[in-house]
Each structure stands twice: as C-alpha cells, then as structure tokens.
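Enquirer: Just need the structure, nothing else, for what follows:
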Amino acid sequence: MAAILVVITHIELIKHHLKYGRHFWSFYQGSGWETPIGSVINNKAHWISPFIAAAGPLGVVFFFVLSGFLISYLLLAEKEKTGSISLKSFYMRRILRIWPLYFLILLLGFFILPNFGFFYIPFQSESLSNHFWPNLLLYIFLVPNLAQAMYLPVPHIGQSWSIGVEEQFYILWPLLFKLRKNILNTMIYAFLFFVLIKVLFLSVDLDILSNSTEEAVKQFLAATKVECMALGALAAYALFKRKTKILKLIYSDLVFFSGLISIPMLIYFTPAFVQDAQHLIMSISFMIIILNLSTNKKYSRFLEKKVFSFLGKISYGIYMYHFVICTVVIKSFLILNIPYNSWSQALIYLLVISLTVLISWLSYDYLEKGFLRLKTTYQKVKSTS
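Expert: Residues are numbered from 1 along each chain as shown. As a prediction, the model looks like this:
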C-alpha cells in the first residue's frame, strides 16, 4: 500500500516532466500559516494536489517506520535467544535482500537506459551526463541520498535515495543493539539526537559553507529520517516486552481510528511553516496503525489474505521498478498521440500499476528469491523480512 502511494505521486511527476496533459504534481505555494486546504479554497491548487504531493513522502515515511519496527523486533528476539547480535549474519541478510535489486536498478539507470532517447527526462538526463562519475560512485557506495542532495535525481532510479537511508540505518542499528545494554534508552536517545541535529542544522545558516554545499547538507539531513525508524523501534520494544498498558491503549478503537483519521487531517490542515516536522506526527500515527494491523486480532485479519501476502513479497520490486514503467507508459501515450482525458488518465494508472506488479513478480521469482533462500544460512530468528 505504501509502495502504491509512491507510484501515484511519481505518475503525476512524470506527467509533469514530460508535459503530458494535466498533472496534479504542482503543490500549493503556501506561506506563513496557510494550510493546503487554504490554498485549495483560495483556488491556488486543485483539491487533489496536496494528496499527490504528500502521497509519495507518506509512503516512504511509512516504510521507514515499518523498517524500524521489523528490524528492531528481530534484533530484540535475537538478543534474547542468543545473548548477543551477530553483525555478520545481520549484514549478510540485509545484503542478500537489498543489493541484488538495488545494483540491477543502478545498472539500468547508469549504463542502459541513458543510451535510449526514449528514456530522456528533461534536466535530469543532462545532470546525469554532467555529473556521471560522482553520481555513480555515491550510488555504488550506498549513499544515493547524498547524491540526490548534491545533484538532480538520476532519471528512473531517483527513488533509490531511500534505500541509502535504509542501508545507513542497517549499519548503525545492530551496532547499538550489540554494544548498548539499555536498549530502550538507546532508542530514545537516537530519536532525540537526530531530531536535535536537524533542528540545529536546518534552522541556522552555515556561514562556513558555500550556498550550494549548505543546501546539499541540509537536504541530506532532511532526508535522513532515522528518527522515524527509532519511533518504529519503540513500537517493536512495546510489543516485544509486552507492555500491556501501552498496547491496550494503542489497541483501543479510539486511538486506532484517530491514527487513521490523522493522516488526511495532517495532509490538508498542517500549516506551511511546520510541514518539515509533519513526518514526526505521521510516524506516531503509523506506529499505531502498524501495531493494530499486525498484532491486534480485531484488525489484523484485514491483511491476512493471499493478495496482501503476495503484494507484500514483491513490494520492494514495486518500489524499485515503477519509475521506469511510469516513463514507458506515459512516453508511449505521447508517441501514440493519445488524447488526454479522464479515460486515458485512468488507463495510465491501470497500466503502470499492473505492469509494475507483473515485472516485480517476475523479478521476485527469477532474481530475488534465489538470494532470499541464501538468507536462511544467516538466520538467527524466524523472519520473512
């Protein structure tokens, strides 16, 4: 579901880049206290534009919270079972899950797609040509988030920046679990540390740096959302340690539905000047939603269906392949001169999502699954992540 939110935003973004028909990428130009709904009421933005602009970041923040939740729960279970954390086994499991598809996408984005004019994206393609080698090195060394802070996104693989954030989190987190005795304090300190760093660096002018370097530093810090992962980790701690009072509160209908309702409320009613901190409140809502949908018997049945299990297995592929599919479909519509209307818009969404799911399924079966089988060699506790 989170991956599909990212797909929705990127369909509109590619329509914007390729100037195909009407798109809803342009976000409201809010200032001061103006909220997205205020811009809609004042005819500065279409009513769906705030959702389109927020959907992709929303999906990514959900991924971060979920990642912190899953990884932390597994680390807690391993430490309880074995008395320690095997860093080698942890890193090998993450490598086998992440690297095959990540480096395949890297190969496509840097060495294959740029050779075909069909995949040209205005400005981004020129930026890749001008900064090819530094971009490539940053991607190879798993810091695509730094590359994206310094340059324009690499066409068709720009979503990989979040994989960089995940990989950096995977390096840090098991080390903390292994070295620190008080895990709860570690999670709280990590959350406070990254929030404080952002407040300090994003709210002041770094006079010792050039304007472009300062902007890159701030973009890099803004994208590094370890605080979201730390909140997911706190949810895992409450579940693993069976904090009954906390779980009982989170499982209440009032709290669960408040968590759900808060998402659209935050999208449309958050004042412009505090939107940089919006992800923190959303992360708390996602903690509530994740705990209820995964462990509250009243609601967990909703996801206990084969279709959700299937989509969950291929969600990494959906996230990694969809940008290329968006370009193929929308460019094809332009070449075929298909008029833009409600029907063609619906067909674009249907084709992009269907083809992305199909390719992700084939990728999972014929590429990823082989590496995933090797994970069992390094598995300390039962896991499907």
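Enquirer: phi, psi of the most centrally placed residue in the chain?
Expert: Taking C-alpha atoms, centre = their mean as the criterion, residue 60 is the residue nearest the geometric centre of the chain, at 2.2 Å. Per-residue torsions, residue 60: phi -70, psi -40 (degrees, to the nearest 10).
Enquirer: count of neighbours near residue 251?
Expert: Residue 251: 17 surrounding residues under other C-beta atoms under 10 Å. The C-beta positions use only the backbone N, C-alpha and C, and glycine is treated the same way.
Enquirer: That one and residue 294 touch, don't they?
Expert: No. If you go by C-beta atoms under 8 Å, residue 251 and residue 294 don't touch, sitting 11.4 Å apart.
Enquirer: list the contacts for the residue nearest to the centre of the chain?
Expert: 2, 6, 162 (C-beta atoms under 8 Å, 6 or more residues apart in numbering).
Enquirer: Tell me the spacing between it and residue 54.
Expert: 11 Å (C-beta to C-beta, to the nearest Å).
Enquirer: Could I get the pLDDT score of the residue nearest to residue 110 when sequence neighbours are not counted?
Expert: Nearest non-adjacent residue to residue 110, counting by C-beta to C-beta, 6 or more residues apart in numbering: residue 136, 5.5 Å away. Note on residue 136: pLDDT of 97.
Enquirer: Just list what the helix or strand in which residue 136 is found packs against, helices and strands only.
Expert: Using DSSP states H and E, residue 136 falls within helix 132-140. Judged by 3 or more C-beta pairs under 8 Å, 6 or more residues apart in numbering; DSSP states H and E, helix 132-140 is in contact with helix 144-150.
Enquirer: so how far is the lowest-mean-pLDDT helix or strand in the chain from its chain's centroid?
Expert: Within the chain, confidence by mean pLDDT, DSSP states H and E is lowest for helix 211-223 among all helices and strands, at a mean of 82. Offset of helix 211-223 from its chain centre (C-alpha atoms, centre = their mean, to the nearest Å): 19 Å.
Enquirer: Equivalent analysis for stretch 88-99, please.
Expert: 19 Å.
Enquirer: For it, buried residues please.
Expert: 89-90, 92-98 (16 or more other C-beta atoms under 10 Å).
Enquirer: Repeat that for stretch 347-363.
Expert: Those would be 348, 351-353, 355-357, 359-361, 363, for stretch 347-363 by 16+ other C-beta under 10 Å.
Enquirer: All set, thanks.
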